[in-house]
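Student: what shape does this take:
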Amino acid sequence: MTKRIVVTGIGATSAIGGTAPENWQNLLAGMSGARPLEHEWVAKYDLPVTFAAEAIVRPDTVLERPTAKRLDISAQFALVAALEAWADAGAPEVAPERLGVDFATGIGGVWTLLDAWDTLREKGPRRVMPMTVPMLMPNSAAGFLSLHFGAKAFARTVASACASSVESIVSAYEHLQSGAADVIIAGGAESAIHPITVASFASMQALSRRNDDPATASRPFDVGRDGFVMGEGAAVLILETEEHALARGATIYAELAGGAITADSHHITAPDPEGTGAARAVRRALELADRTPDEVTHINAHATSTPVGDVAEYTALRSVLGDRVHDVPISATKASTGHLLGGTGAIESVFSVLAVKERVAPPTINLENQDPAIPVKASSQPQALGEGPQLAISNSFGFGGHNAVAAFASYDA
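Tutor: Down below sits the predicted model:
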């Protein structure tokens, strides 16, 4: 028997807000989180890209100092978002053995790793922190969330590049369906705005180079798009079975109706230009949700603002929705938040949940001259979704050919 899986709590921190409500409000207002990087290492290494979308609220200003010192900044973001989501869900009373963690990152503790390397070279091995390995591990955030919330069902980590956190949300859906837990803390986090990652992404021509105007640099679907903008932060959804949520009188935001994961097996970094794997993920997510393409009312696109990726995603969506893809309100929210890498699917899932709940599709900012090769229904202003049942899909695709899609529906008890 298929269970209904529902969202009962949300939390988010990014370049446009320190909480989920702030992110949503600023997203609808058309805020851009991209700003010049004010770090000495930008000039020191003569970086070709001098801006990014750094989180507007630093996590060490939210967490207690002893806690923050034991965590890489990516895990700090994870805890900040999880604390908000947990409180938003009403701090569910659940047996530890029935509480799980499905959490993701694309890179993990890169700052901890490279800071430790600098310490080793400059000061010797005795000065390397004993907490270095627990802090740099990709599973550090999942492990710490398990410890903090007493989650004993499992603490699992996904690392599938930019598809990571939607994969974790899909995994949570499957674990709740299988009965492995009653409540799951799901999401993803990333903090990798570091000179080595900026230099590396710039070297492969993946980043926008609009150093003179960072706020308009990320421009999905626009003919002038020239790459993505690095972002950072985290987002968390509290997911549980409808039965458990109703039994405790929880407020329900939306239903996680289904989700799917596929692989392109095409190229380590480039998407399949035909979008075949992405299309299969969309179809499978809808099948698991027992919905048809005609029922989709909103799409939160992966849309990174790269010349090739945006077109491939449109091709995939059209193969599933047909010409109807031109009439479904679509949002590319990375234009506002930047690209959170392994955390991006989580915050876009939060936005999808709020879109179906509030019946509004967020704007896609910086869309000045839409590419005629991508004739989707995007707008620089919020788009009303109308009355009746809502069904949103949130797409995430990552290096390695990873495709992950989650489907969220408006909740009607």
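
Student: from here on, just use CA atoms for contacts and neighbour counts.
Tutor: Noted.

Student: so what's Ile169 up against?
Tutor: Contacts were defined as CA atoms under 8 Å, 6 or more residues apart in numbering; by that measure Ile169 touches Asp102, Phe103, Ala186, Gly187, Gly259, Ala346, Ala406.

Student: ranges for the helices of the chain?
Tutor: According to DSSP state H, the chain carries its helices in the segments 20-28, 40-44, 65-69, 73-88, 110-123, 132-136, 140-149, 164-178, 195-203, 242-247, 276-288, 307-321, 334-337, 344-358.

Student: what is the fourth one packed up against?
Tutor: Identification of packing neighbours for helix 73-88 by 3 or more CA pairs under 8 Å, 6 or more residues apart in numbering; DSSP states H and E yields strand 5-13, helix 140-149, strand 183-190, strand 233-241.

Student: let's see 10 Å
Tutor: Using 3 or more CA pairs under 10 Å, 6 or more residues apart in numbering; DSSP states H and E as the contact criterion, the neighbours of helix 73-88 among helices and strands are strand 5-13, helix 20-28, helix 65-69, helix 110-123, helix 132-136, helix 140-149, strand 183-190, strand 233-241.

Student: buried stuff in that helix?
Tutor: Under the neighbour-count criterion of 16 or more other CA atoms under 10 Å, helix 73-88 has 73-86, 88 buried.

Student: was I right about Val110 contacting Thr197?
Tutor: Yes - judged on CA atoms under 10 Å, Val110 makes contact with Thr197 at a distance of 9.1 Å.

Student: of the two, who's got more company?
Tutor: In this view Val110 and Thr197 are compared by other CA atoms under 10 Å, and Val110 has more residues nearby, 23 against 13.

Student: kindly compare burial across the helices of the chain and name the winner.
Tutor: Mean neighbour counts were taken over those using mean count of other CA atoms under 10 Å, and the top value, a mean of 31, falls to helix 334-337.

Student: so which elements touch that helix?
Tutor: Checking 3+ CA pairs under 10 Å, 6+ apart, helix 334-337 ends up next to helix 20-28, helix 344-358.

Student: output stretch 230-241 in CSV with nothing but the alpha carbons.
Tutor: Extracted as CSV, the C-alpha positions of stretch 230-241 are listed here (Å, rounded to 0.1, in the frame of the first residue of the first chain):
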residue,chain,number,x,y,z
MET,A,230,28.3,29.9,-6.9
GLY,A,231,26.1,30.0,-3.9
GLU,A,232,26.1,28.5,-0.4
GLY,A,233,23.7,27.6,2.4
ALA,A,234,21.3,24.7,3.3
ALA,A,235,17.7,23.7,3.3
VAL,A,236,15.8,21.0,5.2
LEU,A,237,12.4,19.5,4.9
ILE,A,238,10.8,17.5,7.8
LEU,A,239,9.1,14.6,6.0
GLU,A,240,6.7,12.1,7.6
THR,A,241,3.9,9.7,6.9
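
Student: if I look at Val57, how far off is Gly17?
Tutor: In this structure, Val57 lies at 7 Å from Gly17, with CA to CA, to the nearest Å as the measure.

Student: and Met137, by the same measure?
Tutor: Going from Met137 to Gly17 by CA to CA gives 27 Å.

Student: quick revisit: most neighbours, which of the contacts of Ile169?
Tutor: Scoring these on neighbours with other CA under 10 Å, the highest-scoring entry is Gly187 at 39 neighbours.

Student: what residues are up against that one?
Tutor: 10-12, 78, 81-82, 101-105, 142, 157-158, 164-169, 172, 234-238, 342-347, 349-350 (CA atoms under 10 Å, 6 or more residues apart in numbering).

Student: same thing with Glu287?
Tutor: Contact partners of Glu287, counting by CA under 10 Å, 6+ apart, are Ala257, Gly258, Gly259, Ala260, Ala281, Pro293.

Student: repeat for Arg70
Tutor: Gln76, Met131, Thr132, Pro134, Met135, Phe144.

Student: per-residue pLDDT of it, please?
Tutor: Looking at Arg70, its pLDDT stands at 96.

Student: how close does it get to Arg225?
Tutor: Computed with CA to CA, the distance linking Arg70 and Arg225 is 39 Å.

Student: so Ala281 makes contact with Ala406?
Tutor: Yes - with contacts defined as CA under 10 Å, Ala281 counts as touching Ala406 at a distance of 9.0 Å.

Student: who touches both of those two?
Tutor: When contacts are counted by CA under 10 Å, 6+ apart, Ala281 and Ala406 are jointly contacted by Gly259, Ala260, Ile261, Asn395, Ser396.

Student: among those residues, which are in strands?
Tutor: Among those, the subset assigned to strands under DSSP state E consists of Gly259, Ala260, Ile261, Asn395, Ser396.

Student: pLDDT score assigned to the fourth one?
Tutor: On the pLDDT scale, Asn395 is placed at 98.

Student: run through the bridge partners of the nearest residue to it once chain neighbours are set aside.
Tutor: Excluding the flanking residues, the one nearest Asn395 by CA to CA, 6 or more residues apart in numbering is Val405, at 4.7 Å. Residues in a beta bridge with Val405, per DSSP bridges, are Ala260, Asn395.

Student: how far away is Val405 from Phe397?
Tutor: In this structure, Val405 and Phe397 are separated by 9 Å, where distance is defined by CA to CA.

Student: quick check: neighbours shared by the two?
Tutor: With the criterion set as CA under 10 Å, 6+ apart, the overlap between the contacts of Val405 and Phe397 is Ala163, Val166, Glu167, Ile261, Thr262, Ala278, Ala301, His302, Gly345.

Student: and the two most separated of these?
Tutor: Checking those against each other with CA to CA, the farthest-apart pair comes out as Thr262 and Ala301, at 16.5 Å.

Student: looking at those two, which is more packed in?
Tutor: Between Thr262 and Ala301, counted using other CA under 10 Å, the more crowded position is Ala301 (24 against 20).
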